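1. Sequence first, then the predicted structure:
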Amino acid sequence: MADIIRMPRLSDTMQIGVIRSWLKKVGDTVKPGDILAEVETDKATMDLEAFQDGTLLHIAVPSGNVAVDGIIAIIGKKGEDISALLSNSAETPKPVSPSITADKSSSPTPEPIQAANPGPTESRIKASPLAKSIAKEAGIDLNKVQGTGDQGRITKKDIENNLAASKSGAVKASTIAAPSQGDTVVAVSQMRKIIASRLAESKFSAPHFYLTTEIDMDACVAARAQINAISSSKISFNDIIVKASAAAIRQNLGMNVSWMGDTMVYHNDIHIGVAVAIEDGLVVPVIRNTDQKSLQQINNEVQDKATRAKDRKLNLDEMQGNTFTISNLGMFDIEDFTAIINPPDACILAVGSISKKPAVKNDQIVISSLMKVTLSCDHRAVDGATGAKFLQSLKGFLENPLSMLL
């Protein structure tokens with residue numbers, strides 16, 4: 001009997017997958033392990049593998065968006081009649097989720113996304129009655145709202161987020177000049193859509209507050225030079241900051257918290273996410289049990305995961321489970337900045353560049369290597385004093401690196 005392949009939910013935030021291309025065509029014989037198609041999720045571009053022997057009898061969506069649990073294809077015996085499956089999907093056998101592996105190729109060139117069906121109309125849009133009512137009163141076009149409910153259903157919260165974005169000064173599409181000769185128009189990738197949705201939700205739902213401090217990095221600069229003189233690989237300042245942050249969190253576990261609405265989860269294990277910029281957005285590989293790892297281990301893991309992130313080869317479980325996030329723009333000569341919290345974390349540390357500046361030491365003006373860091377906190381879960389104590393601990397570790405070994 002033929003089996004339906006549906007779009008699996010590959011992460012806790014995924015609502016839609018995007019079929020980028022098919023490597024097999026209808027009528028092709030497939031066997032377990034064969035790559036059927038490339039699927040873009042909110043986290044990465046993945047390979048869709050065949051799960052059984054058979055023939056590819058039907059491709060439901062040649063390219064474009066597919067909601068989670070939506071039909072992708074049908075595999076069965078050659079010549080098998082699948083008309084009943086196509087006409088009555090409600091009575092189809094239990095779907096079998098195909099296995100997914102990380103994409104083996106570089107990220108695809110952006111291209112226009114073609115919808116699987118004709119453009120949606122107001123009556124066909126999946127939205128709650130309350131969401132439709134609020135949208136109508138506010139003059140919001142539901143066609144332009146990304147739903148986060150089941151199978152892309154638009155909820156009241158989606159409408160509120162859309163309104164908040166408009167009130168914050170977001171530019172309406174109608175005010176943007178029409179594309180002219182020389183402009184390039186590309187479809188927004190599923191990754192970029194999810195990044196936009198999650199960051200907007202974080203910024204407008206989590207009350208952010210910010211704490212900035214300046215750290216004397218002279219001792220850290222000297223320690224790094226000594227370490228790299230004898231180390232087989234070169235330790236970066238970022239590696240030291242990641243290690244120091246984990247040590248500071250261990251002293252201030254109130255920072256290691258997730259806001260869950262009705263509950264807060266205080267984590268004992270420290271899993272630091274390190275933001276990595278890639279061609280199509282931002283991903284956050286996670287260094288698990290960071291406080292238990294040496295500088296060498298952190299260096300190896302960050303380099304490996306950052307490289308694979310840029311090649312779209314990270315596994316999904318390597319980008320989930322973070323309890324704290326670090327975003328470092330110091331290598332771009334950015335002195336200081338504020339970062340938006342990366343849910344489910346309650347805090348994110350923004351790290352600026354290390355610059356030589358005049359400083360007062362022992363009542364004398366000297367030239368020191370100074371670095372600014374800014375901590376963003378969700379005030380629902382973290383108070384100002386908790387964040388300030390963390391920064392004191394972090395500053396202590398970085399200004400006296402040997403203390404991290406105690």
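-> Noted; the coordinates are in hand.
2. is it true that residue 60 touches residue 67?
-> No - with contacts counted by C-beta atoms under 8 Å, residue 60 stays clear of residue 67, the gap being 11.7 Å. Just so you know, the C-beta spots here come from the backbone N, C-alpha and C atoms, and that holds for glycine as well.
3. Contacts only, for residue 264.
-> 257, 258, 381 (C-beta atoms under 8 Å, 6 or more residues apart in numbering).
4. What distance do you get for the second one to residue 358?
-> Spelled out, it's residue 258. When distance is defined by C-beta to C-beta, to the nearest Å, residue 258 is 41 Å away from residue 358.
5. the more surrounded of those two?
-> Set residue 258 next to residue 358 and count neighbours by other C-beta atoms under 10 Å: residue 258 wins out with 17 against 9.
6. Okay, and the beta partners of that one?
-> residue 265, residue 345 (DSSP bridges).
7. Hmm, residue 323 and it touching each other?
-> Yes - under the criterion of C-beta under 8 Å, residue 258 makes contact with residue 323 at 7.0 Å.
8. Mutual contacts of the two, please.
-> Listed as contacting both residue 258 and residue 323 by C-beta under 8 Å, 6+ apart are 267, 345.
9. How many residues are close by the nearest residue to residue 191 once chain neighbours are set aside?
-> Nearest non-adjacent residue to residue 191, counting by C-beta to C-beta, 6 or more residues apart in numbering: residue 281, 4.9 Å away. As a burial measure, residue 281 scores 15 neighbours (other C-beta under 10 Å).
10. Check residue 135 too.
-> The burial count for residue 135: 22, using other C-beta under 10 Å.
11. Pass me the low-pLDDT residue ranges in the chain, would you?
-> 10-13, 42-43, 88-124, 150-151, 164-178 (pLDDT under 70).
12. spatially speaking, which residue is in the middle of it?
-> residue 283 (4.6 Å; C-alpha atoms, centre = their mean).
13. what sits against the residue nearest to that residue when sequence neighbours are not counted?
-> Computed as C-beta to C-beta, 6+ apart, the closest residue to residue 283 that is not its neighbour in sequence is residue 309, at 4.9 Å. Counting by C-beta under 8 Å, 6+ apart, residue 309 makes contact with 276, 278, 283, 285, 319.
14. give me that answer again for 7 Å
-> 276, 278, 283, 285 (C-beta atoms under 7 Å, 6 or more residues apart in numbering).
15. Could you find the two of these that are most distant from each other?
-> 278 and 285 (10.6 Å; C-beta to C-beta).
16. For the two, work out which one has more neighbours and name it.
-> residue 285 (21 against 16).
17. Please list all residues in contact with that one.
-> By C-beta under 7 Å, 6+ apart, the contact list for residue 285 reads 273, 274, 276, 305, 306, 309, 314, 318, 319.
18. Let's see that with 10 Å instead.
-> Residue 285 makes contacts with 272-276, 301-302, 304-309, 314, 318-319, 322, as judged by C-beta atoms under 10 Å, 6 or more residues apart in numbering.
19. Can you pull the phi and psi angles for it?
-> phi -60, psi 150 (degrees, to the nearest 10).
20. Look up the closest residue to it, ignoring the ones flanking it.
-> residue 305 (3.6 Å).
21. Burial check on the one you found, number of neighbours?
-> Residues near residue 305, counting by other C-beta under 10 Å: 22.
22. Secondary structure element holding it?
-> Using DSSP states H and E, residue 305 maps to helix 295-310.
23. how about the strands in the stretch 1-150 of the chain?
-> 3-6, 16-22, 29-30, 35-40, 45-49, 54-59, 64-67, 71-76, 100-102 (DSSP state E, counting those that start in this stretch).
24. Out of the contacts of residue 309, name the ones that lie in helices.
-> Judged by DSSP state H, the contacts of residue 309 include no members of helices.
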